[in-house]
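Peer 1: Sequence and predicted structure below; questions after.
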Amino acid sequence: MTQLTSVTVRGMRWAYLASAASAAVQIPYSAVMARLLTPEDFGLMALAYLVPRFAHHFAQGGLASAVVQRPSLTGRDVRVIFALALTLGTCSYAAVWLIAPYGTELAHGPSELTSMIRVIALGMPIGALGTVATGLLSRGMRYRAIALTEFSSFIVGYCGVALLSALLGAGVWSLVYGQLGWTVLLNLLPYVMVRHSLRPLFDVPAMRDVLRFGGKVSANGFLEYLTADFAKLSIGRYVGVAAAGLYDRAALLASYPLQQIQEAASKVLLPGLSRIQHETSRLGASYADCTSLTTLVLFPLWAVIGASSEQLVALLLGSQWHGSVALVPILGLAGVLGLVAQFSGTVGEAMGVVGPKLVIHLVQMTVLVAGTALALRLGGGLHALMVVVLVGQLVRLSLFQAWLNRLFPATRRPVTRAYAQAAALSGLFWVALWSVQRELEGSCPAPVILVAKLAAAAVLALCCLRYGAALHGVRVARERGLLPAVLCR
């Protein structure tokens, strides 16, 4: 195992540990908040976050990725990038302050939505402090520090602040305070660890050079925002705030564990892949191996969540969220397709080639707009819009695969085999859990059924890891030292 591989493996362990710990807190937190607040509260917060998230990509400018991807980085470069982050963050906040009333009008929301948007947007100038620091931590492969800062920020800044505010009767504003507290800590803690110079350097030619790459990353992030939140905006505008709340909680339940896994991997893989960006054969092999791992984990996990959606919604969210049950499997599958495509985009970003990503996201956005218009014209409701989201993610993933197959022709066969194995395994998991529910439904309460399903899924997963040597993803995990020794004998 090379030194780079060893560091990357350790980084993935730390990233997954932080993700698992966050998920362990997120689940009870969501269960409590779902009972303290209403679907309308979550729907209003989901709509309020749309405008700041829209501007967030311009505020960041892809600067953290630019810090990681640049072949060489000097102290002068750090000062230039910090000046860019400060400028973009301040200007973006001013823009959001001005357009907040128009965002409220577009979403058909109450007047309170304008104030919520403006408070959430305070995170953009604050983000200038953490953008460079986070990039420096990633560039230095200080994965343990990244994991600890993210976990601490989430627990204290987000969950702690939001839960305390909700218990004190703040209502929907508890979600706003939690989001702001999370942003503050998420940007302050990395800076405390790095302590880079806070003297901005306004060197226009150097700024222009940084933005050649960072601007493309930012544009891609903006299009990802549009494709991710277009459905939420459409639902809030044409179906209602309560429906947007059901969608928001269903999306969280369906994709949160999947997203945690993929984001943890992406944070580690971008610095690692960037260091071998000019070694095409090695990069292609890493892409094939990572795809095998990603699909083998995400698709079966989606099957577990989708097949258990009724029990998960009942236990974690409560009876008032029953309308989310049918949305979870659709959103979960769309989430898996989107996250696998996101990893493919990380490979291109590590190579410094982000133009094709821009085209792919534009095509996906076109599919979403056309599909939504058709669904509304035909009188389709919430479920029809979810199908449009699923089709858009399928188109996006197909285009990414076609692009990377052209970049790395030798990976076509192993990547195709990885998808086939992951699909077959997810089908096996779904059938097994459906059989458990069929046997126990009507005679056992929901908690017992859920425990039985999770136990069956755990047994299947252990069997696959212990005896699934024919699965490419399992072989990769064994070779990279990602599995305990007892499962590799």
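Peer 2: Everything's here; your move.
Peer 1: could you pull out the strands for the stretch 301-450 of the chain?
Peer 2: Assigned by DSSP state E, counting those that start in this stretch, the stretch 301-450 of the chain shows no strands.
Peer 1: Okay, now the unreliable bits of it?
Peer 2: Scanning the stretch 301-450 of the chain for pLDDT under 70 picks out 348-354.
Peer 1: Which parts of it are helices?
Peer 2: Along the stretch 301-450 of the chain, counting by DSSP state H, counting those that start in this stretch, helices occupy 309-312, 327-350, 355-377, 382-407, 412-440, 446-467.
Peer 1: most neighbours per residue, which of the ones you listed?
Peer 2: helix 327-350 (a mean of 23; mean count of other CB atoms under 10 Å). C-betas here are computed from N, CA, C, even on glycine.
Peer 1: and the angle for that one with helix 355-377?
Peer 2: Computed by axes from the mean of the first three to the mean of the last three CA atoms, to 10 degrees, the angle separating helix 327-350 from helix 355-377 equals 160 degrees.
Peer 1: name the helices or strands packed onto helix 327-350?
Peer 2: With contacts defined as 3 or more CB pairs under 8 Å, 6 or more residues apart in numbering; DSSP states H and E, the packing partners of helix 327-350 are helix 63-69, helix 204-238, helix 241-274, helix 280-307, helix 309-312, helix 355-377, helix 382-407.
Peer 1: Show me how the protein divides into domains.
Peer 2: The chain is divided into the following domains under automatic domain parsing: 37-219, 239-489.
Peer 1: Tell me which of those domains lies nearest to Ser30.
Peer 2: Ser30 lies closest, by CB to CB, to one member of those: domain 239-489, at 6.2 Å.
Peer 1: What is the distance between the closest one and the centre of its chain?
Peer 2: Centroid separation for domain 239-489 versus its chain: 11 Å, with CA atoms, centre = their mean, to the nearest Å.
Peer 1: right, and Asn434 touches Ser308 too?
Peer 2: For residue 434 the amino acid is Trp, not Asn. No. If you go by CB atoms under 8 Å, Trp434 and Ser308 don't touch, sitting 10.0 Å apart.
Peer 1: Pro356 and Tyr287: what is the separation?
Peer 2: Using CB to CB, to the nearest Å, Pro356 is found at 15 Å from Tyr287.
Peer 1: Revised request: answer the last question for Ala244.
Peer 2: Applying CB to CB to Ala244 and Tyr287 gives a distance of 36 Å.
Peer 1: Flag every buried residue along whatever helix or strand Glu150 lives in.
Peer 2: Applying DSSP states H and E as the criterion places Glu150 in helix 143-152. Of the residues in helix 143-152, Tyr143, Arg144, Ala145, Ile146, Ala147, Leu148, Thr149, Glu150, Phe151 count as buried by neighbour count, 16 or more other CB atoms under 10 Å.
Peer 1: Test my guess that Leu167 contacts Leu36.
Peer 2: Yes. Taking CB under 8 Å as the definition, Leu167 is a contact partner of Leu36 at 7.1 Å.
Peer 1: Comparing the two, which residue is more hemmed in?
Peer 2: Leu36 (16 against 11; other CB atoms under 10 Å).
Peer 1: Contact partners for the more buried one?
Peer 2: Residues near Leu36 by CB atoms under 8 Å, 6 or more residues apart in numbering: Ala166, Leu167, Ser174.
Peer 1: so how far is Ala85 from the closest residue to Thr183 other than its chain neighbours?
Peer 2: Closest residue in space to Thr183, ignoring its immediate chain neighbours: Gly123 at 3.5 Å, by CB to CB, 6 or more residues apart in numbering. Remark: distance between Gly123 and Ala85 (CB to CB) = 13 Å.
Peer 1: quick one, which of the two is more surrounded?
Peer 2: Ala85 (28 against 22).
Peer 1: can you give me the helices for the stretch 51-200 of the chain?
Peer 2: Going by DSSP H, counting those that start in this stretch, the stretch 51-200 of the chain shows helices at 63-69, 75-106, 112-120, 123-139, 143-152, 161-167, 173-194.
Peer 1: what's Gly379 sitting at in phi/psi?
Peer 2: For Gly379, the backbone dihedrals (degrees, to the nearest 10) come out as phi 80, psi 20.
Peer 1: Use 166 as the first number from now on
Peer 2: Will do, 166 is the new start, and the previous item becomes Gly544.
Peer 1: That one: how many residues sit nearby?
Peer 2: Count around Gly544 with other CB under 10 Å applied: 7.
Peer 1: Relative to Tyr214, how far out is it?
Peer 2: 29 Å.
Peer 1: And for Trp595?
Peer 2: 32 Å.
Peer 1: do Ser457 as well
Peer 2: Distance of Ser457 to Tyr214, given as CB to CB: 34 Å.
Peer 1: out of these two, which sits in the busier spot?
Peer 2: Between Ser457 and Tyr214, Ser457 has the larger neighbour count (other CB under 10 Å), namely 24 against 21.
Peer 1: which residues of the stretch 316-465 of the chain score low on pLDDT?
Peer 2: Residue ranges of the stretch 316-465 of the chain with pLDDT under 70: 377-398, 401-406, 421-443.
Peer 1: picking that back up, Throw the helices of the stretch 216-365 of the chain into a markdown table and include distance to Leu555, thanks.
Peer 2: A markdown table is the format used below for those (distance: least, CB to CB, whole Å):
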| stretch | distance to Leu555 |
| --- | --- |
| helix 228-234 | 28 |
| helix 240-271 | 25 |
| helix 277-285 | 28 |
| helix 288-304 | 31 |
| helix 308-317 | 29 |
| helix 326-332 | 30 |
| helix 338-359 | 27 |
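Peer 1: What is the burial count for Val291?
Peer 2: Careful, residue 291 is Ile; it's not Val. Ile291, neighbours per other CB under 10 Å, totals 17.
Peer 1: Pull the contacting residues for it.
Peer 2: Gly254, Thr348, Val349, Asn352.
Peer 1: For it, give its distance to Ser303.
Peer 2: 19 Å.
Peer 1: Check Leu555 too.
Peer 2: If you go by CB to CB, the gap between Leu555 and Ser303 works out to 32 Å.
Peer 1: what's near enough to touch Ala588?
Peer 2: Ala588 touches Phe464, counting by CB under 8 Å, 6+ apart.
Peer 1: One more: Met358?
Peer 2: Met358 touches Ala298, Leu302, Arg307, Ala310, Thr314, counting by CB under 8 Å, 6+ apart.
Peer 1: try it again with 7 Å
Peer 2: Leu302, Ala310 (CB atoms under 7 Å, 6 or more residues apart in numbering).
Peer 1: Wait, Leu559 touches Leu502, no?
Peer 2: Yes. Counting by CB atoms under 7 Å, Leu559 touches Leu502, with 5.8 Å between them.
Peer 1: what's the pLDDT at Leu630?
Peer 2: Leu630 carries a pLDDT value of 82.
Peer 1: got it, and Phe207?
Peer 2: Per the predicted model, pLDDT is 82 at Phe207.
Peer 1: end-to-end on stretch 353-368?
Peer 2: Using CA to CA, to the nearest Å, the end-to-end distance of stretch 353-368 comes to 25 Å.
Peer 1: If you count neighbours, what's buried in stretch 347-361?
Peer 2: Buried-residue list, stretch 347-361, by 16+ other CB under 10 Å: Trp347, Thr348, Val349, Leu350, Leu351, Asn352, Leu353, Leu354, Pro355, Tyr356, Val359, His361.
Peer 1: How about the contacts made by the fourth one?
Peer 2: Going by CB under 7 Å, 6+ apart, Leu350 touches Ser317, Ser318, Val321, Gly322.
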